[in-house]
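**Student:** just to be clear, the model below is a prediction. Sequence and coordinates:
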Amino acid sequence: MLGIFLVSCLFPAAELSDFGHKYVMEVRQQQELLLLEIERSVAKSIRQEESRKFSVNSSLSFNITKDSLLTQPIIQGGEASDTQSRARRKFVKEMMKHAWDGYAAHAWGKNEVRPVSKSGNSGTVFGASDTGATIVDSMDTLFIMGMDEEFARGKQWIAANLNLTQIKEDVNVFEINIRYVGGLLSLFALTGDELYKNKAVEIVEKLLPAFDTPTGIPHGKVNMQTGMSWERRMSILSEFGTLHMEFSYLSDITGNTMYKEKVESIRDYIYKKKMPKNLYPNFLNPITGQWGQDHSSVGALGDSFYEYLLKEWLRSGKADGLSKKMFDEAVFGIEQKLLQYSSHGQTYLADWRGGMLDHKMDHLACFAGGMFGLAAIHEDDEVSRVKWMNIAEGITKTCHESYESSFTKLGPEVIRFNGFFRPVDRSYLLRPEAVESFFVMWRITKDQKYREWGWKVVQALELNCKVEAGYSGIRNVNILKSTDDVQQSFFLAETLKYLYLLFSDDDLLDLNQWVFNTEAHPLPVRGVNPLYRAHGTNTDSLKTVHLEL
């Protein structure tokens, strides 16, 4: 499609025999049949919907006024007004059921499922312990989709079995925070059930020893049994910078200010340090406080640090001015150094490494389209608002084109603009960042193309990643059937959630009331969302709206 996305051939030219050509054609025919089945399923849902006499009032469990809809959070239901979007959303929900059922049947209690070999995955970031990462990560998606039976089973497991102290290995503080703590806090906000808050407290208490450093910058790993960490490596910007929202919200709902103080100490320390070249390096020594190598990125190692500067400002009801100030300063450096435009006019965020630009963009950086979009709509300065929206649209388009340019129509792990690829660059790990930006950009622009781009991702997932026991990542986006046999927990937590919301009404998890953590777990906005459930407030009378539109 475009020259910068160098697409490897399905077979090397010299080996593209008649047999190879015939195989490709047969697969193409099978995929076309599958696409027809998908569209027939959607069309059937549309016909059923149009034939059904539908009344909004009859779908409500209690009477609500138009004014109350503006303030009471809608956390389930929220169907779009057009039948096509409702049918597509229904299809995404069926994908969630297939992914969940495969995990439940073959890896219940394990962290993840291997959907091809139909077994538990022992090679996760949490080790081989049975700590149910997929269960905790998926729960708010199940709740939002109204999958009550599956949700009830997950809750039962959490109540009886969730105990991270059984993990013998040192664990990544960042991953525990965004998946487990974030997931549990989201569940507490959505349901008000103290079980989830108490479990979050138990886990965070076990993470706190990682913060016992001279600088207050936590070690990257900690042992949940001993509280010790033998790791003496550099701490990573995207890891220690992606704790703020969860720890601050936990303080607000427990009344224990210690959690917020820990993350405010991190931010204050970073704020007082000078940014070399107006960029935050990706590594910091937690003992000496010295920056590491000259490497900055909005992709891997840097990404969610910038995301949380903006989102903590939003989550705090725009009370946390320091977060916004640091975001503005960081974006200034990003615009100066990392923001690039290819010879084909494509917008991307390069890495800065050793005084030079590395002209590549990670799939992880595709979240930045949504980040710049959110920043734009909340920005008072008109010049910055227009500039950031243009950046948002450009990055999101580049990420979409990386999908369109591959054989499978799925985006590679790394987009390179210099023509040099490594094998890992071409993998697709069921990542959510592109559809996250499609979702956010749809919400704030109402440009139909974002829904169409998301639907193409749905089709590509069905054609290339769906297997009997769930969905598998693929090793090469230009090679058929190159499954990696891993269904990542974030596929259920993020990718499918964002696709579901993309085809939902804006009132479902209204972006004015909710902020998504970097694992797509929604956290309520302080002072705006009645489900904030701050410590000391009466939440018994709270009502939530389950609205079908």
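**Tutor:** Happy to help now that I have it. Quick caveat: nothing in here was measured; it's all calculated off a predicted structure.
**Student:** please enumerate the helices of the stretch 151-300 of the chain.
**Tutor:** Counting by DSSP state H, counting those that start in this stretch, the stretch 151-300 of the chain has these helices, from start to end: 173-175, 182-191, 194-207, 237-240, 244-254, 258-272.
**Student:** relative to residue 346, which of those helices is closest?
**Tutor:** Of all the helices of the stretch 151-300 of the chain, helix 237-240 sits nearest to residue 346, with 24.0 Å by CB to CB. C-beta: built from backbone N, CA, C; applies to glycine.
**Student:** state the mean pLDDT of that closest one.
**Tutor:** Helix 237-240 carries an average pLDDT of 98.
**Student:** name the helices or strands packed onto it?
**Tutor:** Where contact means 3 or more CB pairs under 8 Å, 6 or more residues apart in numbering; DSSP states H and E, helix 237-240 is packed against helix 173-175, strand 283-284, helix 303-315.
**Student:** again, only this time at 10 Å
**Tutor:** helix 173-175, helix 258-272, strand 283-284, helix 303-315 (3 or more CB pairs under 10 Å, 6 or more residues apart in numbering; DSSP states H and E).
**Student:** redo the ones you listed as JSON lines? Include mean neighbour count, distance to residue 202 and mean pLDDT.
**Tutor:** Shown next, in JSON lines, are those (neighbours: other CB atoms under 10 Å; distance: least, CB to CB, whole Å; pLDDT from 0 to 100):
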{"stretch": "helix 173-175", "mean neighbour count": "23", "distance to residue 202": "15", "mean pLDDT": "98"}
{"stretch": "helix 258-272", "mean neighbour count": "17", "distance to residue 202": "13", "mean pLDDT": "98"}
{"stretch": "strand 283-284", "mean neighbour count": "21", "distance to residue 202": "28", "mean pLDDT": "98"}
{"stretch": "helix 303-315", "mean neighbour count": "25", "distance to residue 202": "23", "mean pLDDT": "98"}
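**Student:** distance to residue 438 for the ones you listed - can I get that in JSON lines?
**Tutor:** Below are the helices and strands packed on helix 237-240 laid out as JSON lines (distance: least, CB to CB, whole Å):
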{"stretch": "helix 173-175", "distance to residue 438": "25"}
{"stretch": "helix 258-272", "distance to residue 438": "30"}
{"stretch": "strand 283-284", "distance to residue 438": "31"}
{"stretch": "helix 303-315", "distance to residue 438": "16"}
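**Student:** about what we covered before: relative to residue 108, which of the helices of the stretch 151-300 of the chain is closest?
**Tutor:** helix 182-191 (17.2 Å).
**Student:** quick check: angle from the closest one to helix 244-254?
**Tutor:** Taking axes from the mean of the first three to the mean of the last three CA atoms, to 10 degrees, one finds helix 182-191 and helix 244-254 inclined to each other by 50 degrees.
**Student:** what pLDDT, on average, does helix 182-191 get?
**Tutor:** For helix 182-191, mean pLDDT is 98.
**Student:** which other helices and strands does that helix contact?
**Tutor:** Applying 3+ CB pairs under 10 Å, 6+ apart, one finds that helix 182-191 makes contact with strand 74-77, helix 133-144, helix 148-161, helix 194-207, helix 244-254, strand 514-516, strand 522-524.
**Student:** so it versus helix 194-207, what angle?
**Tutor:** Helix 182-191 runs at 150 degrees relative to helix 194-207, counting by the same axes, to 10 degrees.
**Student:** can I get helix 182-191 as CSV, trimmed to CA atoms?
**Tutor:** Presented in CSV, the C-alpha positions along helix 182-191 are these (Å, rounded to 0.1, in the frame of the first residue of the first chain):
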residue,chain,number,x,y,z
GLY,A,182,-6.7,-1.4,38.5
GLY,A,183,-9.2,-4.2,37.7
LEU,A,184,-10.3,-4.5,41.4
LEU,A,185,-10.7,-0.7,41.8
SER,A,186,-12.8,-0.5,38.7
LEU,A,187,-15.0,-3.3,40.0
PHE,A,188,-15.4,-1.5,43.3
ALA,A,189,-16.5,1.7,41.6
LEU,A,190,-18.9,-0.2,39.3
THR,A,191,-20.5,-2.4,42.0
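**Student:** quick one: that helix to chain centroid distance?
**Tutor:** Counting by CA atoms, centre = their mean, to the nearest Å, helix 182-191 is centred 16 Å from the centre of its parent chain.
**Student:** the closest residue to residue 517 other than its chain neighbours and residue 485, how far apart?
**Tutor:** Computed as CB to CB, 6 or more residues apart in numbering, the closest residue to residue 517 that is not its neighbour in sequence is residue 182, at 4.4 Å. Remark: distance between residue 182 and residue 485 (CB to CB, to the nearest Å) = 26 Å.
**Student:** repeat that for residue 473.
**Tutor:** Noted for residue 473: a distance of 8 Å to residue 485, by CB to CB.
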